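In: Sequence and predicted structure are below.
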Amino acid sequence: MRTIEQLSEELGGLAGRTVLVRSDLNVPLDGSTITDDGRVRASVPTISRLREQGARVVVCAHLGRPKGSPDPTYSLAPVATRLRELLDGEGEGRVSFVEETVGERAAAAVAELQDGDVLVLENLRFHPGETAKSDEERAGFARQLADLADAFVSDGFGVVHRAQASVYDVARLLPHAAGGLVRSEVEVMRALREDPQRPYAVVLGGAKVSDKLGVIESLISVADRLLIGGGMVFTFLKAQGHEVGSSLLEQDQVDTVKGYLDTAAERGVEIVLPTDVVVADAFSADAAHDVVPADSMPADRMGLDIGPEAQRHFAERLADARTIFWNGPMGAFEMEPFAAGTQAVAAALVERTRAGAMTVVGGGDSAAAVRELGYADDDFTHISTGGGASLEYLEGKDLPGLSVLED
C-alpha cells in the first residue's frame, strides 16, 4: 500500500492538489450530540498531514444507515463541527461543511478551497450509489466523487471490509494511498494474526456467537486461551448441557460451538467460561437480580453479566498474557447493575498494558464501553476504530477496501 509520502512523490507534491479522504466518522449520537468522538479524533492525524503538505482536503464519510436519501437525523453537520474544533488550532486553513455529497453545490465548495482548507461532504449514504449492489450504479457515484479530486486517501479502517463506492470504486479511479490510521490498524491486526507474543489471550463477548464464528475458528489455531463472556456465552453453556433460562441463545449454533470446544481441547487451547453469572428477572436496570452458579441457572431468569467469581478468574487468566485481543462486552454494560464484568476485563487489560503487554480493544461496543467506563485511549496499546473490519481481518478474509490499495 502506498503511503501519503509516496503518493506525494508520485504526483510531484500535494500542494494545490485536491485530495479526497475517506474517513470513518460513524459516531454515536444522542440527538445532535456526539457521545463518543473517538473516530473523529482518530481521523485528525491524516487530515493534518495532508494540510501540512498544502493539500486541499475533501473529507467524505457515512453516518448511520439512512436509506439512500437525505435524512436530517444522520447529517454529518455535528461531526463536521467537532472536526473543526479539533483542527482549529492548527492554523493551516479553514474547515467547512457542505450539505451535499456530489452535485453543483459540492463542486462549487471544492472549487473555493485554498491550500490547507478542509471540506466535509454530507453523508455518503444519502446517495443510493454508495451502497448499491449494482456495480454500474456504484461506479457511477464513484466517478462523481472522483471528479472532485486529484487523488484519494483511504483512512476509514472501519469500512475497508465493504465494497462500497467511496471505499473501493474511487480507489480504482484516482492515484491513491493508505492513510496513517489504516496503516496502523493493519499493522496491529497483522501482529495479532501472524506474530503475537505469548501467552496470547483472546476475550470475546457481545450478543451473538454467529457474529464471531469466523474469528473463533481462526483464533483457535493461533491463541493460547479464549475467554468467553457476554450474551454469546449462553450458547457455550448450552453446548455443555447447562440450563440458560431466558438468556440470549442461538440454538442453531449449539452444535457448532460443541465442535469449537472439541477442537480447542484437541489443540490444547484453553476455553475459559464464567463459573457464575448475574441473572435478572428482565432486561432492565431496575430488574431484581442476583448471582448464581453458571451451571445452575434458574429456568425463568436471564443472564446479563459474568459474576464476581468469573471476573476474578478472567483477570487471573489475563495476568500473564503478553498479547490480548478483546472484542465484545461481558454483559449489558450500559446498565450499571450489569457493568462489573466489562469493568473487570477493562481493568485487567489496563494492568497488562502497564506491564508492557500488547492490549488491543477491537472497536465497536468494546471501544464504547471502555470510554464510557472512564478509560483513556492510552490505557491500552490500541483501540481499533473498526469492530467488524478487525474481526474480518483476523478471520483472514479478503477486505475489498484494502485489496484495492495494493493495486
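Out: Cool, got the structure.
In: CA only for contacts and neighbour counts going forward, please
Out: Noted.
In: SS state for Tyr375?
Out: Secondary structure assignment for Tyr375 (DSSP: H, G, I helix; E, B strand; the rest coil): coil.
In: Can you show me the helices along the stretch 51-200 of the chain?
Out: 77-87, 104-111, 135-146, 180-194 (DSSP state H, counting those that start in this stretch).
In: Need the CA coordinates for whatever helix or strand comes next after the last one. PDB is fine.
Out: Later in the chain than helix 180-194, the nearest helix or strand by DSSP states H and E is strand 200-204. Below are the C-alpha coordinates for strand 200-204, written out as PDB (Å, rounded to 0.1, in the frame of the first residue of the first chain):
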ATOM      1  CA  TYR A 200      -1.900 -14.800  23.700                       C
ATOM      2  CA  ALA A 201      -5.300 -14.400  25.200                       C
ATOM      3  CA  VAL A 202      -8.500 -13.500  23.300                       C
ATOM      4  CA  VAL A 203     -11.500 -12.200  25.100                       C
ATOM      5  CA  LEU A 204     -14.800 -12.400  23.200                       C
END
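In: now what about strand 200-204, what contacts it?
Out: With contact meaning Cα atoms under 8 Å, 6 or more residues apart in numbering, strand 200-204 is reached by 223-230, 318, 321-330.
In: That strand to helix 180-194, inter-axis angle?
Out: Per axes from the mean of the first three to the mean of the last three Cα atoms, to 10 degrees, the angle that strand 200-204 makes with helix 180-194 is 110 degrees.
In: returning to that earlier point: filter the contacts of strand 200-204 to the buried ones?
Out: 223-230, 318, 321-330 (16 or more other Cα atoms under 10 Å).
In: out of the residues you listed, which are inside strands?
Out: If you go by DSSP state E, the buried ones among the contacts of strand 200-204 have Arg225, Leu226, Leu227, Ile228, Thr323, Ile324, Phe325, Trp326, Asn327 in strands.
In: So the last one versus Ala367, what's the distance?
Out: When you say that, I think you mean Asn327. Look at Asn327 and Ala367: by Cα to Cα, to the nearest Å, they are 9 Å apart.
In: if I look at those two, which residues touch both of them?
Out: With Cα under 8 Å, 6+ apart as the test, Asn327 and Ala367 both reach Val361.
In: who are the neighbours in contact with the nearest residue to Gly364 once chain neighbours are set aside?
Out: Nearest residue to Gly364, sequence neighbours excluded (Cα to Cα, 6 or more residues apart in numbering): Gly387, at 4.6 Å. By Cα under 8 Å, 6+ apart, the residues touching Gly387 are Gly158, Asn327, Gly362, Gly363, Gly364, Asp365.
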